[in-house]
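Trainee: quick one, structure for this:
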Amino acid sequence: MKSRIAFVVLALLVLSAFSVSAQDTSVGSPRLVTASLEHSFGAVKPGTPLTYTFQIKNEGKAALEIKNVAPSCGCTTSNFDKTIAPGKTGGITLAVEKTDGYKGDITKTATVTTNDPDHQTFILTLKATFGAE
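Mentor: Numbering: from 1, shown residues only. Model prediction:
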């Protein structure tokens, strides 16, 4: 009798485990879409602050989580929507406030980490050409 009860309990546990995993896959995953991974400001005067917001759309069936945005240097700051619901659009803003003394072509990057299985990490790039005043 005890072995029969143990078998039934074990069978129920296995069945519930398969049920939970089936529910997880039916929910889907996030799908990050952006028009561009790079923005160029073109020619700018030294001292001009650079700020740009990359639009991020979630075309998946689960919430898109932007886990981290890590600029490549301390001169670049970031601000971003941490969660973007399915079908909605959010943003990642990169800014370089102090550009005094910049000359020529500059490139600033930030590495983004998400929960999208196809875009777990990617790099956003800002470019500008600083000329004489």
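
Trainee: what stretches of this protein score poorly on pLDDT?
Mentor: Judged by pLDDT under 70, the chain has its weakly predicted residues at 1-27, 132-133.

Trainee: how about 50 then?
Mentor: For the chain, residues meeting the criterion pLDDT under 50 lie at 14-26.

Trainee: what segments of it are strands?
Mentor: 32-33, 38-44, 50-58, 64-71, 76-80, 83-84, 89-96, 104-114, 121-130 (DSSP state E).

Trainee: which strands or helices does the longest one pack on?
Mentor: It refers to strand 104-114. Contacts defined by 3 or more C-beta pairs under 8 Å, 6 or more residues apart in numbering; DSSP states H and E place strand 104-114 against strand 64-71, strand 76-80, strand 89-96, strand 121-130. The C-beta positions use only the backbone N, C-alpha and C, and glycine is treated the same way.

Trainee: strands paired with it, and their directions?
Mentor: Each strand that pairs with strand 104-114, with its direction, by DSSP bridges: strand 64-71 (antiparallel), strand 121-130 (antiparallel).
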